[in-house]
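K.L.:
Fold the following for me, if possible:
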Amino acid sequence: MSGRRSTRNINSEDQPNDLEGIVARQLNAAFLDLFIRLTEALNASRGNPGGIPANNNKGCTYKAFMSCNPKEFHGKEGAVGLLSWIESMESVLHISKCSDNHKVEYAACLLQGRALTWWNTQVQIRGREAALRLTWEEFKKLLLEEYCPKGELQKLESEFWNHTMVGSDIEKYTTRFHELARLVPYMVTPEDKRIDHYI
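P.N.:
Numbers count the residues shown, from 1 in each chain. So this is what the prediction gives:
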């Protein structure tokens with residue numbers, strides 16, 4: 001009987017050691033898992049001052065974007081047509097809640113004719129991945145450089161500076177004033193410039 005007691009004492013002494021080992025291994029695994037998750041979250045949120053992981057993949061689908069009936073751009077509409085298309089496109093991108101990483105891709109699908117040929121050349125020169133990584137602002141700048149020659153912008157600027165009311169048609173004057181102000185916004189910024197020119 002004394003042999004049994006000593007065996008029981010040894011086993012009961014060993015069990016706490018085994019239990020400590022099991023707990024230690026589980027804690028190590030849990031800490032490792034926690035460390036990995038925290039590292040991934042920090043990497044995902046790098047550059048995000050709010051500390052919340054950014055999710056640029058959320059946003060609308062192409063189908064949802066197209067359900068807003070965005071206009072096509074053919075490249076023959078001139079400066080006024082391009083500026084109107086950009087304004088319309090920005091409205092659609094906002095309403096559809098399009099994510100930043102899909103804006104250029106979705107908008108480029110609406111380029112047709114000469115504009116599509118221009119875009120395909122950009123893709124060929126830059127590579128598809130790089131072309132689709134362009135920001136919306138970079139994409140607009142490229143479009144403006146291609147389809148808003150300085151001569152056309154100068155005509156709009158001249159029309160804006162020389163815009164006067166004919167007769168007493170204030171509605172027509174105001175409508176055209178606002179159209180031109182949208183097309184050459186740098187000529188009416190800050191607001192006091194807009195007011196001075198309107199008067």
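K.L.:
Now for the spatially closest residue to Glu105 that is not a sequence neighbour, how many residues are close by?
P.N.:
Nearest residue to Glu105, sequence neighbours excluded (C-beta to C-beta, 6 or more residues apart in numbering): Leu132, at 5.1 Å. From N, CA and C alone the C-beta is placed, and that goes for glycine too. Using other C-beta atoms under 10 Å, Leu132 has 16 neighbouring residues.
K.L.:
and what of Glu105?
P.N.:
Residues lying near Glu105 (other C-beta under 10 Å) number 17.
K.L.:
got a list of contacts for the strand or helix carrying it?
P.N.:
Taking DSSP states H and E as the definition, Glu105 sits inside helix 100-108. In this structure, residues lying in contact with helix 100-108 by C-beta atoms under 8 Å, 6 or more residues apart in numbering are 56-57, 59-60, 62, 65, 70, 89, 93, 98, 119, 131-136, 139.
K.L.:
Ok, stretch 71-90 next?
P.N.:
By C-beta under 8 Å, 6+ apart, stretch 71-90 touches 70, 107, 110-118, 140, 143-144, 146-149, 152-153, 156, 182-183.
K.L.:
Which of these fall in helices?
P.N.:
107, 113-118, 140, 143-144, 146-147, 152-153, 156, 182-183 (DSSP state H).
K.L.:
Need the buried ones from these selected in ChimeraX.
P.N.:
Those of those that count as buried under 16 or more other C-beta atoms under 10 Å are selected in ChimeraX with:
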select :107,115,116,140,143,146,147,152,156,183
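K.L.:
what number of residues lie near Arg126?
P.N.:
13.
K.L.:
Tell me the spacing between it and Phe139.
P.N.:
According to C-beta to C-beta, to the nearest Å, Arg126 and Phe139 sit 11 Å apart.
K.L.:
Output the one helix or strand Glu138 maps to in PDB, but only the C-alpha positions, please.
P.N.:
Glu138 is located in helix 136-147, with elements delineated by DSSP H and E. C-alpha atoms of helix 136-147 as PDB (Å, rounded to 0.1, in the frame of the first residue of the first chain):
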ATOM      1  CA  TRP A 136      -8.900  60.000 -60.100                       C
ATOM      2  CA  GLU A 137      -7.100  63.400 -60.000                       C
ATOM      3  CA  GLU A 138      -4.200  62.000 -62.100                       C
ATOM      4  CA  PHE A 139      -6.700  60.500 -64.600                       C
ATOM      5  CA  LYS A 140      -8.500  63.800 -64.900                       C
ATOM      6  CA  LYS A 141      -5.200  65.700 -65.400                       C
ATOM      7  CA  LEU A 142      -4.300  63.300 -68.300                       C
ATOM      8  CA  LEU A 143      -7.700  63.800 -69.900                       C
ATOM      9  CA  LEU A 144      -7.500  67.600 -69.600                       C
ATOM     10  CA  GLU A 145      -4.000  67.600 -71.100                       C
ATOM     11  CA  GLU A 146      -5.300  65.500 -74.100                       C
ATOM     12  CA  TYR A 147      -8.800  67.000 -74.700                       C
END
